[in-house]
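J.: got a structure for you, letters missing:
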């Protein structure tokens, strides 16, 4: 198992702890995000690439801006295989996954309390 896969499993355990405490329905936001993430791992790769590029230019940035930029570039590229929708509600999951995989950049994205938090 790669380091990235291990980190994703850890992230999943953290989120599941909170989701379990919140008593959310089976098709929670996390479940929908995870299904999308598994089907389109390239979205996180692009998200991370854009975030790392911005981190070299700025101290803080908006994850939602990156999500919107991903949408724009995906539409602009016009590739039929990229016809998917990125839900705004998933930016907290991408943010926290980014921080899990890039601990030196914790705090790069401003965060508010979200279901994606571990509840600690």
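T.: The structure has been received and is ready for your questions. Quantities reported herein were computed from a predicted structural model and do not represent experimental measurements.
J.: use CA for all of it now, contacts and neighbours both
T.: Noted.
J.: Just the local confidence number for residue 84, please.
T.: On the pLDDT scale, residue 84 is placed at 65.
J.: go on, the one 10 residues further on?
T.: Residue 94 carries a pLDDT score of 94 in this model.
J.: Ok, residue 44 next?
T.: At residue 44, the model reports a pLDDT of 95.
J.: residues in contact with the residue nearest to it when sequence neighbours are not counted?
T.: Leaving aside its chain neighbours, residue 44 sits nearest to residue 94 (6.9 Å; criterion: CA to CA, 6 or more residues apart in numbering). By CA atoms under 8 Å, 6 or more residues apart in numbering, the contact set of residue 94 is 44, 47, 63.
J.: In terms of helices and strands, where is residue 94?
T.: When elements are assigned from DSSP states H and E, residue 94 belongs to helix 91-101.
J.: wait, is residue 86 part of a helix?
T.: No: counting by DSSP: H, G, I helix; E, B strand; the rest coil, residue 86 is not part of a helix but coil.
J.: Need phi/psi at it.
T.: Dihedral pair for residue 86: phi -100, psi 110, per degrees, to the nearest 10.
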